[in-house]
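*Asks:* just coords:
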């Protein structure tokens, strides 16, 4: 019986290793695993019908050979349906565990992996390798400080988001027990696209105005303001406050309607339109006081 | 050293809700999360939030459905509290501005969901979790609650009395990802774990890569038992190539499952003659895999989920996000063709043993959300019950930790709740490998909470130093080993020999883990360290799941055994407990509580 053979082999191995210390046995296993992995890696590359080259930006202020930014090349096996994030994970887990990038959900909702891929801001998880020209060049988001490799400092982005008071704050709430505020399906539809923002920062990175004016609120924050200003549940007083915030010197009027934000938004939010609409709302609101 | 009244670990839905509530009760709260809050995996939840809002509906119907869905392994005090408070939480979310889908009269819409006797699932398109997460994060910003984002809590500071019931949690240790510095967090009132799921234990999962069972493993190593870990929900509709979730909302709206002979197998093969596609998730997942195993799968791998007949308008209105997911991750246009789906790991019913206020047996240590087990979902969670869970119990734990709860909990925790010892025929040793793993610190000799914390910080510094300095293997290879064996051997259909094989493989992974090392020498944003620490948590969780699965010789909810294909209420109406204490693992059981507030739940045959 085949099972007996297996058992025997196992016993033999155990006998052989009886005199080894647990540490030695582990080291042996470790080396075996390393050999297996090396083999698997080269097999995968051999078996793959196609491989693709990634050119990845590398930088680490702390590591002497990475202090000067450089590009590293990685060859990864291509499979159908492979995304840029899949390729990055493959490269990291197979070749270089120090390759650093943010990622989490793999399905375009956490907003962690906005990257500059072949010269455009995109989410790594949502970008199919087949849709790109090869070799693929992967860089951190432009106009943001690089922390390491593909990781940029998001602090400034978060500050701008917070600057528009990004929280629902109604003038009043219903009195009844367990009573919701009413909102028409039309009004919900009006704010729907604006509520899809995943804070990935692609828009901000693509914006020439934001690049030149660090205080510019930027498309994501203005869109957030739009999301609340247009929500009929908040009430007119709050709307006035919101319009004042986005009307400031570094607010909506800075936008030069280049549409770069709208073009790169992975959630297809019509950012430029929202900014334009807020400009109109601000004008209307100002006329009221004249 | 950082100091707050309350430390909340993890800033997904449960953590945010707990933080807001504790803050409302006057506590100084800090959220510590390895991601930024809006990156949390609550954001990926699609379908909805169950709550008995409609006048014709009632909380006890919701409670009954939940108990039935749990296959009578839920504890009534948790289920009753949940069903009673869920409507308040939905209204609270609405008052915080959540963009719910609406009816013509402006009220919040509700749709049917699997296993529910009334359409009580509120939703915001097919991206309910995204809106819930962002709505609550906004409220955290509004209140100025402190957030330490991209700080990874890797160890709890817990005293080391022999009996876990007598231990106290004084805080936690966090690794600041940007700088590599290790910080102590002293929590004056308590630590709330809200770290989410453990999908990384499997290789086909709807979970994020960050879902590595951190809270479960940390609490377990500190002495709080894990409960009912064998109950893993496999969602019936995930995309085959990536595991991306296709919401139950598709079936709720009328989506139909077909095999490769275009049979509507849920009805035609009698898996669920009444509810069909809307039977409970475990029922549908098993039906799909049975079809695939019988050669009726498409490409022997998946089945079809068809929503074309719903019409473009309805799909765009209620399920638009599904169209994007199918297009982006599977290259399929859901308006034009059926979508390929197969079961994938989705949710962990079991978790850290807590009472109905989220308290573990360790004083000052709480757990809420997916990492916790109250037990609400028992052996199978109903769709749309996870989001209200994290709201209700996040809120309850937040109130409790801030000292605003007077009542005594009804659900007992800790070794004192043991009713029976358990044993399995394990082919290998379980638990730690070399020297007993330090639980935390030696409470006996340490006089103050600060001492306990300092010692824990020191232990973590040493751990990180060791990982950085030594030579060794990549953690990713070890993690992959665990994922492969779990997917192969501890999946929807379970057999004794496979489970034993998994235990052997997990043991090997544990031994190999002694040899892992971090290759990246940098202190700056070193994700290699982060992922290496996570992998150990993955191993602990995998072991607990497999031990529970081997122990439980019956078929209940999500847990199915080849040789035990019936529910055995006489023997198995009890929770599986797996604890780590004094360098050893302990398997035991505690009774299920079926006496509720309004009704005693009688186990009945569960058919849909």
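*Replies:* Yes, it's here. Everything numeric in this text was worked out from a predicted model, so none of it was measured.
*Asks:* show me what contacts residue B:345?
*Replies:* B:199, B:201-202, B:204-207, B:232-235, B:243 (Cβ atoms under 8 Å, 6 or more residues apart in numbering or on different chains). C-beta coordinates here come from the backbone N, C-alpha and C atoms, glycine included.
*Asks:* so where is the chain shaky, pLDDT-wise?
*Replies:* I'll assume chain A. A:1-19, A:22-23, A:288-290 (pLDDT under 70).
*Asks:* that answer is for a different chain, and I need it for chain B
*Replies:* Residue ranges of chain B with pLDDT under 70: B:434-447.
*Asks:* tell me the centre residue of it?
*Replies:* Chain B has residue B:370 as the residue nearest its centroid, 2.9 Å off, counting by Cα atoms, centre = their mean.
*Asks:* Now that residue, what are its backbone angles?
*Replies:* Residue B:370 has phi and psi values of phi -60, psi -30 when expressed as degrees, to the nearest 10.
*Asks:* Report how many residues lie close to the nearest residue to it once chain neighbours are set aside.
*Replies:* Distances taken as Cβ to Cβ, 6 or more residues apart in numbering or on different chains place residue B:197 nearest to residue B:370, at 4.6 Å, with adjacent residues excluded. Look at residue B:197: counted by other Cβ atoms under 10 Å in any protein chain shown, it has 30 neighbours.
*Asks:* Residue B:197 contacts residue B:42, correct?
*Replies:* No - between residue B:197 and residue B:42 there is no contact under Cβ atoms under 8 Å: 10.1 Å.
*Asks:* what's near enough to touch residue B:462?
*Replies:* Going by Cβ under 8 Å, 6+ apart, the list of residues near residue B:462 is empty.
*Asks:* can you tell me how far it sits from residue B:172?
*Replies:* To residue B:172, residue B:462 is 17 Å away according to Cβ to Cβ, to the nearest Å.
*Asks:* How about residue B:452?
*Replies:* Distance from residue B:452 to residue B:172, by Cβ to Cβ: 11 Å.
*Asks:* So the two - more neighbours on which side?
*Replies:* With neighbours defined as other Cβ under 10 Å, residue B:452 and residue B:172 compare such that residue B:172 has more, 29 against 25.
*Asks:* What helices and strands are in contact with whatever helix or strand the more buried one lives in?
*Replies:* In the assignment (DSSP states H and E), residue B:172 maps to strand B:169-176. Here strand B:169-176 touches strand B:2-9, strand B:151-158, strand B:182-193, helix B:449-469, helix B:527-551, going by 3 or more Cβ pairs under 8 Å, 6 or more residues apart in numbering or on different chains; DSSP states H and E.
*Asks:* can you list the residues that contact it?
*Replies:* With Cβ under 8 Å, 6+ apart, strand B:169-176 has contacts from B:7, B:9, B:32, B:148, B:150-159, B:181-187, B:190-191, B:222, B:362-365, B:449-450, B:452-453, B:456-457, B:460, B:464, B:529-530, B:533.
*Asks:* Stretch A:56-66 now?
*Replies:* Applying Cβ under 8 Å, 6+ apart, the set of residues contacting stretch A:56-66 from outside is A:67-74, A:88, A:91, A:98-100, A:138-140, A:146, A:148-150, B:521-524.
*Asks:* 6 Å - rerun?
*Replies:* Contacts to stretch A:56-66, defined as Cβ atoms under 6 Å, 6 or more residues apart in numbering or on different chains, come from residues A:69-72, A:138-139, A:146, A:148-149, B:522, B:524.
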